[in-house]
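Peer 1: Okay, here's the prediction I keep looking at, along with the sequence it came from:
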Amino acid sequence: MERKDWLELKSGTDVRGVALEGVDGEHVNLTDEAIDGIVRALVYMLAKKLNKEKLTIAIGHDSRLSAGRICACAAKAIEESGCNVLLAGLSSTPSMFMLLQEKPPLADASIMVTASHLPYNKNGLKFFLPSGGFEGKDITELLTLASEGKALAGKGAVTRESYIDRYCENLVAFVREKTGEKEPLSGKKIIVDAGNGAGGFYVDKVLKPLGADTEGSQFLEPDGRFPNHIPNPENKDAMRSIREQVLRVKADFGIIFDTDVDRAGAVDASGEEINRNRLIALISAILLEEHPGATIVTDSVTSDGLARFIRDRGGIHCRYKRGYRNVIDKAKELCAAGQYSPIGIETSGHAALEENYFLDDGAYLVTRILITVAKLAKAGKSVTDLIADLPEPAEAAEARLTFTPGADFKTLGNGAIDDLKAYVPQAEGLALAPDNYEGVRIDFDKEHGDGWALVRMSLHEPIMPINFESNQAGGNAKIARSLYDFLSKYPFLVTDNLKKYL
């Protein structure tokens, strides 16, 4: 492998690639050679950083079909580097961080084999130290070391020990402590749709011990083919699946996880979806009651209605960049500066609470909400009562513009956005939104759409996503027309996905 081949495996703060054949045009690049080289380089890198040669590294995985091969390659590389391996088996991504927080820690570092909600043929690796997950610069360093063949030699040992039981016991103990009851969910029907990912454990190991009736939960068995729907709270089919099941079995609350359980969404008894802005509003209402005046950090595509909702509860809304690590790092930064920010949360469902190591953990987020479910039930109320006054847009949409083949999409796309930013102050009925950290966010007056739009570049793909919302029926068509008229003049942009909203 050439250096560029190794670096192509970088995906933000993870390593990701094609792990299985079967999709036209996508050939395996997360090979045995790649896994072996990356993990040997990891041991080399950590031995120097931690000043310790006999490391113990834990490995866990989600339900993906390629997990067995990748875990076996990783374990062999660690063992032959003179370090010990703890095979944790089927795990959630957050649990692989939490095992490092045990007293004493169960390992010096951990690897989670996952590619979140990506298609079945993809897979990847996430890396954790007790201090947190790897940053983008760490992944670059790791892959550079792998390209140079850096490695140690020796003989280690392999043990097998699942951690997910202890992880769940900690969640159950947390709920019991906060509610003062052994079975605070008794009398509540709460179901889970795990989408055949790793999240099925939540039913038997968390909900049932807390007294919930979980009859009607579905797709709990791990199956890396994802035969029913993609495990992804942002996916319309996935949300439709849990919504229909909640209504079918008359559940009080429905929960959906992504593949590796670092994200979650929910549905209330009436079938109302609690994801994206509604999920952020719900956890914000809970946290602002506990921490008046706190700052809620979100990504850039949250709605104006959510901003008003947070302000009306005495909170401060910091709308920051897309990317879950961006919002987490911003919340940490604000806390360090003395501005208490108890959460960094993305509309995708990534939510990291300060009280939980700023770890994006879908199971912890849901557990936190269920404490409020139990408390409100005693007063005959529902958690959705907390967000009944959330202003909802009349229309909401996303158009993902692509680029012509071979275009230098980063340079050209950012150039077009800069042009748009310069144009907006001169355009009738349009204004630049204040406090925007990404792309260009535009406010449209009532005559020109009565809403807003955010035009930005994707973090990793040759795509220009445009999110837009309107407070009036037909308003999105006006917003789309303004944007289409401006952006369609660029020959490198494929604007068909925006044109369909005209």
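Peer 2: The structure has been received and is ready for your questions.
Peer 1: Is the nearest residue to residue 304 once chain neighbours are set aside within a helix or a strand, and which one?
Peer 2: Of all residues not flanking residue 304 in the chain, residue 452 sits nearest, at 5.9 Å (C-beta to C-beta, 6 or more residues apart in numbering). Quick note: C-beta positions are derived from backbone N, CA and C, even for glycine. If you go by DSSP states H and E, residue 452 is part of strand 451-455.
Peer 1: can I get the CA coordinates of that strand in CSV?
Peer 2: Output of strand 451-455 as CSV, limited to C-alpha atoms (Å, rounded to 0.1, in the frame of the first residue of the first chain):
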residue,chain,number,x,y,z
GLY,A,451,-37.8,31.3,6.9
TRP,A,452,-34.1,30.5,6.6
ALA,A,453,-31.6,28.5,4.7
LEU,A,454,-28.1,27.2,5.4
VAL,A,455,-25.8,26.6,2.5
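Peer 1: So which elements touch the helix or strand just after that strand?
Peer 2: Proceeding N to C from strand 451-455, the next assigned helix or strand is strand 463-470, under DSSP H and E. Applying 3 or more C-beta pairs under 8 Å, 6 or more residues apart in numbering; DSSP states H and E, one finds that strand 463-470 contacts strand 395-403, helix 409-423, strand 451-455, helix 475-487.
Peer 1: Would you mind finding the most buried of those?
Peer 2: Comparing the helices and strands packed on strand 463-470 by mean neighbour count (mean count of other C-beta atoms under 10 Å), strand 451-455 ranks first with a mean of 24.
Peer 1: That one pairs with which strands?
Peer 2: strand 440-444 (antiparallel), strand 463-470 (antiparallel) (DSSP bridges).
Peer 1: which element follows the longest helix anywhere in the chain toward the C-terminus?
Peer 2: As assigned by DSSP state H, the longest helix anywhere in the chain is helix 32-49. Beyond helix 32-49 on the C-terminal side, the first helix or strand identified by DSSP H and E is strand 56-61.
Peer 1: so what does that next one touch, helix or strand wise?
Peer 2: Under the contact criterion of 3+ C-beta pairs under 8 Å, 6+ apart, strand 56-61 touches helix 32-49, helix 67-79, strand 84-90, helix 93-98, strand 109-113.
Peer 1: so where's this protein uncertain?
Peer 2: Of all residues in the chain, none has pLDDT under 70.
Peer 1: Show me it divided up by domain.
Peer 2: 3-162, 167-387, 395-499 (automatic domain parsing).
Peer 1: Would you point to the one among the ones you listed that's packed deepest?
Peer 2: domain 167-387 (a mean of 21).
Peer 1: ok now do residue 35, which residues does it touch?
Peer 2: Counting by C-beta atoms under 8 Å, 6 or more residues apart in numbering, residue 35 touches 70, 73-74, 77, 125.
Peer 1: repeat that with 10 Å
Peer 2: If a contact means C-beta atoms under 10 Å, 6 or more residues apart in numbering, then residue 35 has 9, 15, 17, 19, 66, 69-74, 76-77, 113, 123, 125, 146 as its contacts.
Peer 1: quick one: residue 431 and residue 423 touch, right?
Peer 2: No: if you go by C-beta atoms under 10 Å, residue 431 and residue 423 don't touch, sitting 11.8 Å apart.
Peer 1: who touches both of those two?
Peer 2: residue 442.
Peer 1: got the CA positions of stretch 317-328 in PDB?
Peer 2: Extracted in PDB, the C-alpha atoms of stretch 317-328 (Å, rounded to 0.1, in the frame of the first residue of the first chain):
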ATOM      1  CA  HIS A 317     -28.200  28.700  22.300                       C
ATOM      2  CA  CYS A 318     -24.900  28.300  20.600                       C
ATOM      3  CA  ARG A 319     -25.400  27.100  17.000                       C
ATOM      4  CA  TYR A 320     -22.000  25.700  15.900                       C
ATOM      5  CA  LYS A 321     -20.600  23.700  13.100                       C
ATOM      6  CA  ARG A 322     -21.800  20.300  11.800                       C
ATOM      7  CA  GLY A 323     -19.900  17.300  13.000                       C
ATOM      8  CA  TYR A 324     -20.500  15.700  16.300                       C
ATOM      9  CA  ARG A 325     -16.900  16.300  17.400                       C
ATOM     10  CA  ASN A 326     -17.300  20.000  16.600                       C
ATOM     11  CA  VAL A 327     -20.200  20.500  18.900                       C
ATOM     12  CA  ILE A 328     -18.600  18.400  21.600                       C
END
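Peer 1: Now do that stretch: distance to the chain's middle.
Peer 2: 12 Å (C-alpha atoms, centre = their mean, to the nearest Å).
Peer 1: Same check on stretch 344-352?
Peer 2: Counting by C-alpha atoms, centre = their mean, stretch 344-352 comes out at 6 Å from the chain centroid.
Peer 1: swap in stretch 307-322?
Peer 2: With C-alpha atoms, centre = their mean, you get 20 Å for stretch 307-322.
Peer 1: beta partners of the residue positioned nearest the centre of the chain?
Peer 2: The centroid of the chain falls nearest to residue 350 when counting by C-alpha atoms, centre = their mean (3.5 Å). Here residue 350 sits in beta bridges with residue 263, going by DSSP bridges.
Peer 1: and residue 109, what does it touch?
Peer 2: 42-43, 45-46, 49-50, 55-58, 78, 83, 96, 100, 127-130, 134.
Peer 1: coming back round to it: so who does the residue nearest to residue 304 touch?
Peer 2: So residue 452 contacts 301, 303-304, 393, 431, 433, 441-444, 467-471, 479 (C-beta under 10 Å, 6+ apart).
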